[in-house]
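Chemist: What follows is a predicted structure for the sequence shown.
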Number of protein chains: 2
Amino acid sequence: MNRDIPEFSLQRMPIYLNFLRTLPDDGTYNYISSGAIAQALGLGEVLVRKDLAYTGCAGRPKVGYPRVELIAALEKFLCVNDSKCAVIVGAGGLGSALLSYGGFTNYGIELSCAFDNDPKKIGTYIGGKPVLPMDELNEGCKKYGAVLAIIAVPAAAAQTTAELLIKAGIKAILNFAPVQITAGDDVKVINIDVAANLAILASML
Amino acid sequence: MNRDIPEFSLQRMPIYLNFLRTLPDDGTYNYISSGAIAQALGLGEVLVRKDLAYTGCAGRPKVGYPRVELIAALEKFLCVNDSKCAVIVGAGGLGSALLSYGGFTNYGIELSCAFDNDPKKIGTYIGGKPVLPMDELNEGCKKYGAVLAIIAVPAAAAQTTAELLIKAGIKAILNFAPVQITAGDDVKVINIDVAANLAILASML
């Protein structure tokens, strides 16, 4: 369980994994140094070593990390090989896009289904996944063994949605609604406000 | 220009703005203290004061910040009243969802158009915005006066896309492709990897 690791280190782990996975398999990168990783990703070398130390994979002095082992250590760290189910609440534009997105499987995550309260969407399939009614939330989360959820509903519905998900046994929420949700200490939340991120970029110009 | 302000403070500004905007207008919140803001958002009070100091809005001792003035100061800080155009590259599932998303206007940002290389999408309208061919990127960015862009293309195309956008005069990029892009010191980038964020949450369980 990675709760004791600083969140900023956690956030960099998928970046390291993606980078290592994309290196060519031609033998040039059987080993890769923390310096090379740092330079490629625009990070400090000491920071890279501290982060990678959390995975338990050790580098060899003057040689670096054995790439295949480091990838395996990062995959283990990110529980890539433990298949996990997630559900999504909100089958609107964003919800539909996420249901059809193939990238979750790179991390062993499957989006099992969506929940919505729009009768035109309930009973349909998006990206091959069923859209279920909100009143089947508890049943659906248990059926799929879901402990992860994505919130893709309007701001006004986000907090209520979070509370329903937590009652249904969800322990971690990725929230796209443009509002902070309160979830209690034993539920982990990451908030992504797309418009706010663009506004921050704009304010730096 | 907010480039000298710590990025973490910048990231909290839209959170403060959203929170203050949603308080009732019944007179109860003509003033709001840093303590009340901190408690509502689960932040430290000293942190809140440091962040809000960047806006230039001063709180009154024992009373707090005048809410309307603080909202105005945050809106000015985030350039909400300067209308800005953004373009998006990639009119797939995510790109389409973003084109139809109304939340950007809360920050004075308009998504003007999308660019794609899929002939079935070029010439269509999504969310009322035109989908233009990639070879009109330079012309389109100039026509709309766009300095912001969103990348919603597959990972393999992201770096090339970023380079084309920078050549077209884009100064700030919100990147959804699951890969880090390199952009040079005078272009600001925020990377959002949705699957990685869900993986990080999963790894904390």
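Modeler: Arrived safely, thanks for sending. Numbering: from 1, shown residues only, chains lettered A, B, ... in the order given.

Chemist: got the phi/psi numbers for the residue lying farthest from the centre of chain A?
Modeler: Distance from the centre of chain A peaks at A:K62, with 33.5 Å (C-alpha atoms, centre = their mean). Per-residue torsions, A:K62: phi 70, psi 0 (degrees, to the nearest 10).

Chemist: what are the ranges of the helices in chain A?
Modeler: Taking DSSP state H to define them, one finds helices in chain A at A:7-22, A:34-41, A:45-53, A:67-77, A:93-99, A:137-144, A:155-167, A:194-203.

Chemist: can you put those helices in JSON lines and add mean pLDDT and distance to A:T182?
Modeler: (Each C-beta comes from the backbone N, C-alpha and C, glycine too.) Putting those into JSON lines (pLDDT from 0 to 100; distance: least, C-beta to C-beta, whole Å) gives the following:
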{"stretch": "helix A:7-22", "mean pLDDT": "91", "distance to A:T182": "18"}
{"stretch": "helix A:34-41", "mean pLDDT": "94", "distance to A:T182": "34"}
{"stretch": "helix A:45-53", "mean pLDDT": "95", "distance to A:T182": "30"}
{"stretch": "helix A:67-77", "mean pLDDT": "95", "distance to A:T182": "29"}
{"stretch": "helix A:93-99", "mean pLDDT": "92", "distance to A:T182": "22"}
{"stretch": "helix A:137-144", "mean pLDDT": "95", "distance to A:T182": "19"}
{"stretch": "helix A:155-167", "mean pLDDT": "95", "distance to A:T182": "7"}
{"stretch": "helix A:194-203", "mean pLDDT": "93", "distance to A:T182": "18"}
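
Chemist: Give me the distance between A:L165 and chain B.
Modeler: Separation of A:L165 from chain B (C-beta to the nearest C-beta, to the nearest Å): 13 Å.

Chemist: partner residues bridging the closest residue to that residue other than its chain neighbours?
Modeler: Nearest-residue entry for A:L165: A:A149, 4.8 Å, with adjacent residues in sequence omitted and distances by C-beta to C-beta, 6 or more residues apart in numbering or on different chains. Using DSSP bridges, the bridge partners assigned to A:A149 are A:V87, A:I173.

Chemist: what's the burial count for A:A149?
Modeler: A count of nearby residues for A:A149, using other C-beta atoms under 10 Å in any protein chain shown, gives 31.

Chemist: any idea how far the residue farthest from the centre of chain A lies from A:L43?
Modeler: According to C-beta to C-beta, to the nearest Å, A:K62 stands 20 Å off from A:L43.

Chemist: and what of A:D185?
Modeler: A:D185 sits 30 Å away from A:L43, going by C-beta to C-beta.
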